[in-house]
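A.B. asks: Have a look at this prediction, sequence included:
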There are 2 protein chains.
Amino acid sequence: MQLTATALPGLPEVTEGDDLAAILRAGLERAAITPAASDVLVVAQKIVSKAEGRMVALADVAPSPKAEELAAKAQKDPRVVELILRESREVLRCVPGVIVVEDRRGFVMANAGIDASNVAGSDERVLLLPVDPDASARRLADALGLAVVINDSFGRAWRMGTCGTAIGVAGIPALIDLRGRPDRMGRSMLTSELAFADEIAAAGSLLMGQGDEGRPVVHLRGVPQVVGDGRAADLVRPRKMDLFR
Amino acid sequence: MQLTATALPGLPEVTEGDDLAAILRAGLERAAITPAASDVLVVAQKIVSKAEGRMVALADVAPSPKAEELAAKAQKDPRVVELILRESREVLRCVPGVIVVEDRRGFVMANAGIDASNVAGSDERVLLLPVDPDASARRLADALGLAVVINDSFGRAWRMGTCGTAIGVAGIPALIDLRGRPDRMGRSMLTSELAFADEIAAAGSLLMGQGDEGRPVVHLRGVPQVVGDGRAADLVRPRKMDLFR
């Protein structure tokens, strides 16, 4: 049983309005990969956001009094904090350097995933998450004929560092329910659900690197085949099951 | 840039006292893999624990009054709860079905990682984590001549499902500090640390599956080369940086 992960070479800088599916198709061709329905393409959030025009010029953002107040606490630019608030449903924590929120998509994450790094142009622009990353993944999957996971780097409550995490999913289950499935010894299992799409996002992220590498798309062949078509929304823990808010 | 992950075929059932390094060496040979220092072997916690004799017969466990009390709250076997307490420094949450603890190694996790599934023999035995998984990883890495990550499935505070996570590391950095490293646009990065070993654990876990598959060891070739020799302990968020306890 073998899995091969290939970072697509020679991808151009993506900008607003680009046909991302066409860019990815050309990247697969350059890598001499013919997409199969059982393949998974892991796509960095940044290039999806760029293609979808989610770049915001901070000069156009007027911070509210609430944003000014949180910005002082978080020691952040009030205009960035204003965008974090607009992208969020709830602020969970605010300390110097980080505002942990539940974003509009339900993801609990630092700074609503708003990123100032690797954005071409001025320092005065930031990049928001795609409006509906599950829908973005669906469009790419339909255009390319394989499964798609859009990944972003998430911090974790009790562990250092960020880990690739699925924010958009199409063509595979996001979550695999193992409840009641007997293990090798014929007993039912304690570990009942597997965050399949998050493991795929992490595997892709491993090859993407961070910083100056510029490898935003990773093709996976040999992912264990599980029937289903999930969404990253399936990975959001319902509030009533949240023990740490 | 390409990564290949191979699940080692034909591994035997591991039991107490087995020479795990010899079993893994034979597994690599069967897969026709000659280990290289730049390779990473991802090894499931279960087989490390089994080889190290971390199986406990519940008949030998006398639950304390504290364990009885928590067991009633968690709706768990009081003897299992006694073991969870012995393996832990602190109980963070206790609700029906799960006790979230900081374990003796510093990991915040459900049920101190104690697992009743896939343990050969009676239902009356459970498997504890290795006493010092970083040391276990070190021994295997030294014996085999490649990097080793011992992985376990962790739940997450705000996401459904479990994800492969590093509990033992040797021969690679666990955490990569990107602070101050310029991104492609020459700006410093917001995402400052990468949980490298956790992404490796997740990538390995993807091929291991759960339940009845029995693929507890995955060999990775082509992992981006980063100089360093970290420990899973590096991934534990220090208490003073913990916002969610």
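C.D. replies: Looks like it came in fine.

A.B. asks: Give the other helices and strands that the helix or strand of chain A at the bottom of the mean pLDDT ranking contacts.
C.D. replies: Taking mean pLDDT, DSSP states H and E as the measure, chain A has strand A:176-177 as its least confident helix or strand, at a mean of 90. Under the contact criterion of 3 or more C-beta pairs under 8 Å, 6 or more residues apart in numbering or on different chains; DSSP states H and E, strand A:176-177 touches strand A:193-194. In this view, the C-beta of every residue, glycine as well, is placed from N, C-alpha and C.

A.B. asks: at 10 Å instead, please
C.D. replies: Contact analysis of strand A:176-177 by 3 or more C-beta pairs under 10 Å, 6 or more residues apart in numbering or on different chains; DSSP states H and E lists strand A:193-194, helix A:196-208 as its packing neighbours.

A.B. asks: out of those, nearest to A:Ile23?
C.D. replies: Each of the helices and strands packed on strand A:176-177 was scored for nearness to A:Ile23 using C-beta to C-beta, and the closest is helix A:196-208 (15.8 Å).

A.B. asks: now the closest one against helix B:196-208, angle please.
C.D. replies: Compare the direction of helix A:196-208 with that of helix B:196-208 by axes from the mean of the first three to the mean of the last three C-alpha atoms, to 10 degrees and you get 130 degrees.

A.B. asks: For chain A, which segments count as strands?
C.D. replies: With DSSP state E as the criterion, chain A has strands at A:2-7, A:40-44, A:55-57, A:88-95, A:98-103, A:108-110, A:125-127, A:147-154, A:163-170, A:176-177, A:193-194, A:217-221.

A.B. asks: okay, those strands, which one's buried deepest?
C.D. replies: For the strands of chain A, average neighbour numbers computed from mean count of other C-beta atoms under 10 Å in any protein chain shown are highest in strand A:163-170, which has a mean of 30.

A.B. asks: quick one: strands adjacent to that strand?
C.D. replies: If you go by DSSP bridges, strand A:163-170 pairs up with strand A:147-154 (antiparallel).

A.B. asks: Return the distance of the strand it pairs with from the chain's centre.
C.D. replies: Relative to its chain's centre, strand A:147-154 lies at 4 Å (C-alpha atoms, centre = their mean, to the nearest Å).

A.B. asks: pLDDT (mean, whole number) over it?
C.D. replies: Confidence for strand A:147-154, expressed as mean pLDDT, is 97.

A.B. asks: can you give me the angle it makes with strand A:217-221?
C.D. replies: For strand A:147-154 against strand A:217-221, the angle by the same axes, to 10 degrees is 130 degrees.

A.B. asks: Let me have strand A:147-154 in CSV, keeping just the CA atoms, if that works.
C.D. replies: This file holds the C-alpha atoms of strand A:147-154, laid out as CSV (Å, rounded to 0.1, in the frame of the first residue of the first chain):
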residue,chain,number,x,y,z
ALA,A,147,-11.1,15.1,-5.1
VAL,A,148,-10.0,18.4,-3.6
VAL,A,149,-9.0,19.5,-0.1
ILE,A,150,-8.3,23.2,0.5
ASN,A,151,-5.9,23.5,3.4
ASP,A,152,-4.8,26.2,5.8
SER,A,153,-2.4,26.2,8.7
PHE,A,154,-4.2,26.0,12.1
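
A.B. asks: one step back: export the helices and strands packed on strand A:176-177 to CSV and tack on distance to chain B and mean pLDDT?
C.D. replies: As requested, the helices and strands packed on strand A:176-177 are exported to CSV (distance: least, C-beta to the nearest C-beta, whole Å; pLDDT from 0 to 100):
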stretch, distance to chain B, mean pLDDT
strand A:193-194, 4, 92
helix A:196-208, 3, 97
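
A.B. asks: most neighbours per residue, which of these?
C.D. replies: The highest average neighbour count among these, using mean count of other C-beta under 10 Å, belongs to helix A:196-208 at a mean of 30.

A.B. asks: Nearest to B:Leu220 among the strands of chain A would be which one?
C.D. replies: Among the strands of chain A, strand A:2-7 comes nearest to B:Leu220, with 9.4 Å by C-beta to C-beta.

A.B. asks: elements contacting that closest one?
C.D. replies: strand A:40-44, helix A:196-208, strand A:217-221, strand B:2-7, helix B:196-208, strand B:217-221.

A.B. asks: make it 7 Å
C.D. replies: helix A:196-208, strand A:217-221, strand B:2-7 (3 or more C-beta pairs under 7 Å, 6 or more residues apart in numbering or on different chains; DSSP states H and E).

A.B. asks: out of these, nearest to A:Arg179?
C.D. replies: With C-beta to C-beta as the criterion, A:Arg179 lies closest to helix A:196-208 of the helices and strands packed on strand A:2-7, at 14.5 Å.

A.B. asks: Could you figure out how far that closest one is turned away from strand B:40-44?
C.D. replies: Going by the same axes, to 10 degrees, helix A:196-208 makes 160 degrees with strand B:40-44.

A.B. asks: so helix A:196-208 versus strand B:2-7, what angle?
C.D. replies: Counting by the same axes, to 10 degrees, helix A:196-208 points 140 degrees away from the direction of strand B:2-7.

A.B. asks: What helices and strands are in contact with helix A:196-208?
C.D. replies: Identification of packing neighbours for helix A:196-208 by 3+ C-beta pairs under 7 Å, 6+ apart yields strand A:2-7, strand A:40-44, strand A:147-154, strand A:163-170, strand A:217-221, strand B:163-170, helix B:196-208.

A.B. asks: Using the record's domain definitions, break chain A down for me.
C.D. replies: Here the domain parsing of chain A from automatic domain parsing is A:24-52+A:131-237, A:55-128.

A.B. asks: For B:Pro224, find the nearest of these.
C.D. replies: Among these, the nearest to B:Pro224 by C-beta to C-beta is domain A:24-52+A:131-237 (5.9 Å).

A.B. asks: Now the terminal residues of that closest one, how far apart.
C.D. replies: One end of domain A:24-52+A:131-237 sits 31 Å from the other (C-alpha to C-alpha, to the nearest Å).

A.B. asks: Near the closest residue to A:Pro130 other than its chain neighbours, how many other residues are there?
C.D. replies: Leaving aside its sequence neighbours, A:Pro130 sits nearest to A:Ser136 (C-beta to C-beta, 6 or more residues apart in numbering or on different chains; 4.7 Å). A count of nearby residues for A:Ser136, using other C-beta atoms under 10 Å in any protein chain shown, gives 24.
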